[in-house]
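[1] I'll drop the sequence and a predicted model, then ask my questions.
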Amino acid sequence: MFCPLKLILLPVLLDYSLGQNNLIVSTPELTVHVGDSVLMGCVFQSTEEKHVTKVDWMFSSKEDAKDEYVLYYYANLSVPMGRFQNRARLVGDISRNDGSLLLQDVTEADQGTYTCEIRLRMESLVFKKEVVLHVIPEEPKELTVHVGDSTKMACVFQSTEGKRVTRLDWVFSSGEHTKKEVVLQYPKLNVSEGYPQNWGHFQNRINLVGDISRNDGSIMLQGVKESDGGNYACSIYLGSLEFKKTILLSVILKEPRTLVTPVTLIPAVLGGNQLVIIVGIVCATILLLAALILIVKRTHRNKSSVNSTTLVKNLENTKKADPEKHVYSSISTREVIEEEESTGKSEATYMIMHPVWPSTRSAQNNPLE
């Protein structure tokens, strides 16, 4: 009676569900940035001592229905497969039934469902656990801030397991060959646990803003100085497991406040394409305006030439009309004079006419006379 009862209560207490020869746990979800690392836990918990003989990690995505091997463990040998070969690593303690997987340098193609299967010696049941991984765009590895501003530098290690951060280090270096300087350390040495420590010229300017209980070691740097420019390396430790991230911080001086004009605002507000478009519009407007001015001038010239031509024609017509009048008047006057002269001559001729007397021969021929 006791053994069957124990087998029934165990899956309930551990949030397991029984399938056909399978022991399946609830499916957690994780969201990571491109380039980050993620820890996907797969631990079989039992009140009895069990021995793991085989661990398989499979991957499936919505785009490809076929499962893909990520890693398998058998006979004390861990072998990553395919495109995961240089990025997947079995980090769990097999002696404690822990087949957890560390996936580094996550890519967009890694988004999907990861299934872990643990097989135990002399057991027909297979322990299964699924993890749904969501991948979002990469966080910026280079930050640019002005002197006097504040900036947040993120450092988060995503994990499905409730493993506690054992150590957090932030280190600064201004160059490759310069001495490294501790920015922040958690926990503070020789002091009660849970209090971050910072040194040097970062003292009183660094705050731990991440939630350590969620593997978040993000910090906030306040009152940025010009000398703060350089590389900031974050290291999060979960026992022997380490997650690293480096951020390059560039510091620039604030521009002096000057009288702002629309002309000075154009390069800052507008992008390159917008500026080119506006310059093109202005040039086109100038060309159209010039063409319009030329058209108006030509129209004015044409009107002036038409008016002058009309005036000249009118003057010519006037000049032509006057000579004809003079000609006609002179002709009529001359005709009247000539008529008068001819009349006068005829009258004068009539007045000076003398009678012609007949000659002797004619008298002889006319005896009556």
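    Arrived safely, thanks for sending. Numbers count the residues shown, from 1 in each chain.

[2] So the chain: which segments form each domain?
    2-136, 142-252 (automatic domain parsing).

[3] what about the last one, how long is it end to end?
    If I follow you right, that is domain 142-252. Start and end residues of domain 142-252 are separated by 13 Å (CA to CA, to the nearest Å).

[4] can you check stretch 202-217 too?
    End-to-end distance (CA to CA), stretch 202-217: 17 Å.

[5] What residues of it count as buried?
    202, 205-208, 210, 212, 215-217 (16 or more other CB atoms under 10 Å). For glycine as for every other residue, the C-beta is placed from the backbone atoms N, C-alpha and C.

[6] Tell me which of these fall in strands.
    The members of those that map onto strands under DSSP state E are 206-208.

[7] Is it possible to get TSV of these that adds pLDDT and distance to Ser150?
    TSV is the format used below for these (pLDDT from 0 to 100; distance: CB to CB, whole Å):
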residue	pLDDT	distance to Ser150
Ile206	93	11
Asn207	93	9
Leu208	94	14
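
[8] Not counting its neighbours along the chain, what's nearest Lys244?
    Ser235 (5.4 Å; CB to CB, 6 or more residues apart in numbering).

[9] Repeat that for Asp36.
    Here the residue nearest Asp36, using CB to CB, 6+ apart, is Val106, at 5.5 Å.

[10] who's in contact with that neighbour?
    The neighbourhood of Val106, defined by CB atoms under 8 Å, 6 or more residues apart in numbering, consists of 32-38, 133, 135.

[11] give me the element it is part of.
    Under the criterion DSSP states H and E, no helix or strand holds Val106.

[12] And for Val55, the neighbour number?
    Per other CB atoms under 10 Å, the neighbour tally for Val55 reads 25.

[13] secondary structure element for it?
    Using DSSP H and E, Val55 maps to strand 52-60.

[14] does the residue nearest to Lys244 really touch Tyr186, like I thought?
    No: counting by CB atoms under 8 Å, Ser235 does not reach Tyr186; the two are 10.6 Å apart.

[15] Can you pick out the residue with more neighbours from the two?
    Tyr186 (23 against 17).

[16] Who are the contact partners of the closest residue to that one other than its chain neighbours?
    Residue nearest to Tyr186 in three dimensions, not counting chain neighbours: Leu168, with 4.0 Å by CB to CB, 6+ apart. Contact analysis of Leu168 by CB under 8 Å, 6+ apart lists 155, 184-186, 196, 208, 212, 217, 234-237.

[17] Could you tell me how far Leu168 is located from Asn207?
    13 Å (CB to CB, to the nearest Å).

[18] quick one: low-confidence parts of the stretch 51-200 of the chain?
    Across the stretch 51-200 of the chain, the ranges flagged by pLDDT under 70 are 176, 189-199.

[19] any chance you could map the helices in this structure?
    2-13, 262-269, 272-352, 360-365 (DSSP state H).

[20] residues touching the nearest residue to Arg89 once chain neighbours are set aside, list them.
    In space, and not counting its chain neighbours, Arg89 is closest to Leu102: 4.8 Å by CB to CB, 6+ apart. Residues near Leu102 by CB under 8 Å, 6+ apart: 37-40, 88-91, 241.

[21] Same question for Ser100.
    By CB under 8 Å, 6+ apart, Ser100 lies in contact with 39-43, 90-92, 161.

[22] Recalculate using a threshold of 7 Å.
    Neighbouring residues of Ser100 by CB atoms under 7 Å, 6 or more residues apart in numbering: 39-43, 91-92, 161.

[23] how much space between it and Leu39?
    6 Å.

[24] So for the two, which residues contact both of them?
    By CB under 7 Å, 6+ apart, the residues touching both Ser100 and Leu39 are Glu161.

[25] can you pull the contacts of the closest residue to Arg214 other than its chain neighbours?
    The shortest distance from Arg214 to any non-neighbouring residue, by CB to CB, 6+ apart, is to Val156 (7.8 Å). Listed by CB under 7 Å, 6+ apart, the contact set of Val156 reads 210, 215-216, 218.

[26] do Ser159 as well
    Counting by CB under 7 Å, 6+ apart, Ser159 makes contact with 39, 41, 215.
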